[in-house]
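Student: Need a 3D model of the following:
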Amino acid sequence: MRVLVTGGAGFIGRWVVHALLARKDEVVVLDDLSNGSEANLKEFRRTRTFRFVKGDVSDPGSVADAFRPGFDLCVHLAAMIEVQKSIEDPRRTFDVNTAGTANVLEECRQHDAKVIIVSTCMVYDMAGAGQGISEHHPTKPASPYAASKLAADMLALSYHHSYGLPVVIVRPFNTYGPYQKSNQEGGVVAVFLARALAGKSLPVFGEGSQTRDFLYVDDCADLVLRAAADPRAHGEIVNGGTGREITILELARLIAGPAGRIEHKPHPHPQSEIHRLRCDPSKAMALLGWKPTVTLEEGIRRTKEWMSP
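Tutor: Residues are numbered from 1 along each chain as shown. Next up is the predicted model:
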């Protein structure tokens with residue numbers, strides 16, 4: 001297949017590109033490098049079936065130029081992903097996440113290309129006690145980031161219903177693993193590991209009682225490729241997670257170890273915090289035959305090994 005991956009220089013994008021190239025697809029990455037890095041793609045540069053194009057999905061011309069050769073599939077990952085930045089600059093978040101998705105969808109329609117929209121679990125309301133979040137769970141976008149992603153999801157589904165465009169919405173829960181940023185822009189697992197390796201304290205916002213369902217990036221990429229391959233997923237929303245939740249304080253203790261230090265800090269955006277996130281992955285398992293294979297402990301070990309000097 002000929003595949004365009006928007007945001008392919010980012011963390012999840014890098015692993016999707018890796019999986020596509022491993023199955024001998026021809027891959028073009030479109031990325032403006034505002035969040036991703038060319039270093040993430042370094043190992044693919046000499047691959048004959050790989051090409052990188054610098055461009056911004058919020059610019060219709062850049063998207064049209066990237067699509068010009070024609071593609072069988074577009075995996076759309078390009079997005080402004082930081083909650084705090086979305087609060088500070090909601091217009092830019094909308095321009096990239098919602099208007100940018102509109103640009104991608106229109107090119108997919110014009111070129112008859114299937115599209116996988118990689119969304120986020122942040123669109124949902126929090127999970128109830130002892131419950132997982134299914135695709136029918138109420139949505140409650142608590143930040144401009146979440147709202148922009150939810151709007152993009154609904155727009156994509158409208159293209160499926162209006163034009164018959166093959167669209168799948170994939171909503172991964174908190175994805176982690178090698179190549180994730182370990183600064184303030186990164187995920188909590190990478191941040192905690194980087195600080196633990198440097199002998200620093202691990203910052204926990206509030207009491208740390210908020211829970212998350214952590215999905216290893218290999219399993220996330222596998223879900224994306226399965227969604228792309230199975231026509232039964234057309235027009236569907238599919239969640240990806242392990243079904244296991246852990247508090248952020250428990251995660252910090254797991255990573256810090258008995259000698260590690262944990263420091264409680266005020267939350268920078270408590271109004272946008274979702275207190276409980278736990279995935280119900282049963283639809284992905286039944287529809288796509290997908291199952292996460294990497295436990296949190298094993299995923300942390302692999303990520304730590306990759307980050308270690």
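Student: CA only for contacts and neighbour counts going forward, please
Tutor: Will do.
Student: pretty sure G235 contacts V168?
Tutor: Yes: contact criterion Cα atoms under 8 Å: G235 and V168 qualify, at 5.5 Å.
Student: Looking at the two, which is more packed in?
Tutor: V168 (28 against 19; other Cα atoms under 10 Å).
Student: Beyond whichever strand or helix holds that one, next helix or strand please.
Tutor: Assigning secondary structure by DSSP states H and E places V168 in strand 167-172. Later in the chain than strand 167-172, the nearest helix or strand by DSSP H and E is strand 174-176.
Student: just for this protein, where's the confidence low?
Tutor: The model of the chain has pLDDT under 70 over residues 184-186.
Student: Now do the lengthiest helix in the chain against strand 167-172: the angle between them, please.
Tutor: Longest helix of the chain, by residue count under DSSP state H: helix 144-163. Interaxial angle, helix 144-163 versus strand 167-172 (axes from the mean of the first three to the mean of the last three Cα atoms, to 10 degrees): 160 degrees.
Student: mind listing the helices for the stretch 1-150 of the chain?
Tutor: 11-22, 60-67, 83-88, 90-94, 100-111, 144-163 (DSSP state H, counting those that start in this stretch).
Student: can those go into TSV with extra columns for mean neighbour count and distance to W290?
Tutor: As requested, those are exported to TSV (neighbours: other Cα atoms under 10 Å; distance: least, Cα to Cα, whole Å):
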stretch	mean neighbour count	distance to W290
helix 11-22	22	15
helix 60-67	18	30
helix 83-88	17	29
helix 90-94	19	31
helix 100-111	21	26
helix 144-163	20	21
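Student: For G187, find the nearest of the ones you listed.
Tutor: G187 lies closest to helix 11-22 among those, at 10.2 Å (Cα to Cα).
Student: What are the contacting residues of the closest one?
Tutor: Around helix 11-22, the neighbours that count as contacts under Cα atoms under 8 Å, 6 or more residues apart in numbering are 5-8, 26-27, 36, 40-41, 49-50, 77, 175, 179-181, 217-218, 220-222, 224-225.
Student: All the strands of the stretch 201-309 of the chain, in order from the start?
Tutor: Secondary structure of the stretch 201-309 of the chain (DSSP state E, counting those that start in this stretch): strands located at 202-205, 211-212, 214-216, 236-240, 246-247, 262-265.
Student: dump the residue contacts of the residue lying closest to G7 once chain neighbours are set aside.
Tutor: Counting by Cα to Cα, 6 or more residues apart in numbering, G7 lies nearest to A78, which is 3.8 Å off, once chain neighbours are set aside. Counting by Cα under 8 Å, 6+ apart, A78 touches T6, G7, G8, D31, V57, V96, N97.
Student: what's the closest of the residues you listed to M307?
Tutor: Taking Cα to Cα as the measure, M307 lies nearest G8 of these, at 20.7 Å.
Student: how close does the closest one get to E135?
Tutor: G8 sits 26 Å away from E135, going by Cα to Cα, to the nearest Å.
Student: V28 and A9, how far apart?
Tutor: 11 Å.
Student: These two - which one has more neighbours?
Tutor: Higher neighbour count among V28 and A9: A9, with 30 against 22, using other Cα under 10 Å.
Student: check contacts around the more buried one.
Tutor: V29, D31, L33, G36, S37, E38, N40, L41.
Student: Of the residues you listed - the most surrounded one?
Tutor: Comparing the contacts of A9 by number of neighbours (other Cα under 10 Å), D31 comes first, having 27 neighbours.
Student: where's it relative to H137, distance?
Tutor: Per Cα to Cα, D31 is found 32 Å from H137.
Student: Repeat that for I300.
Tutor: 29 Å.
Student: Neighbour count: these two, which is higher?
Tutor: Between I300 and H137, counted using other Cα under 10 Å, the more crowded position is I300 (21 against 14).
Student: Return the backbone torsion pair for the residue of the chain most remote from its centre.
Tutor: Computed with Cα atoms, centre = their mean, the residue of the chain farthest from its C-alpha average is A259, at 32.2 Å. Per-residue torsions, A259: phi -100, psi 0 (degrees, to the nearest 10).
Student: gap between it and R92?
Tutor: In terms of Cα to Cα, A259 sits 42 Å off from R92.
Student: Let me know whether M307 touches A194 as I believe.
Tutor: Yes: the pair M307 / A194 is scored as a contact, 7.3 Å apart, by Cα under 8 Å.
Student: returning to what we had before: and G8 and E135? which has more neighbours close in?
Tutor: G8 (31 against 20).
Student: who's in contact with that one?
Tutor: For G8, the contact set (Cα under 8 Å, 6+ apart) comprises R14, V16, V17, V29, L30, D31, G36, L77, A78.
Student: contacting residues for the fifth one?
Tutor: Read that as L30. With contact taken as Cα under 8 Å, 6+ apart, L30 is in contact with L4, V5, T6, G7, G8, F52, V53, K54, G55, D56, A66.
Student: Look at the third one and say how many residues are nearby.
Tutor: Right, the one you point to is T6. 27.
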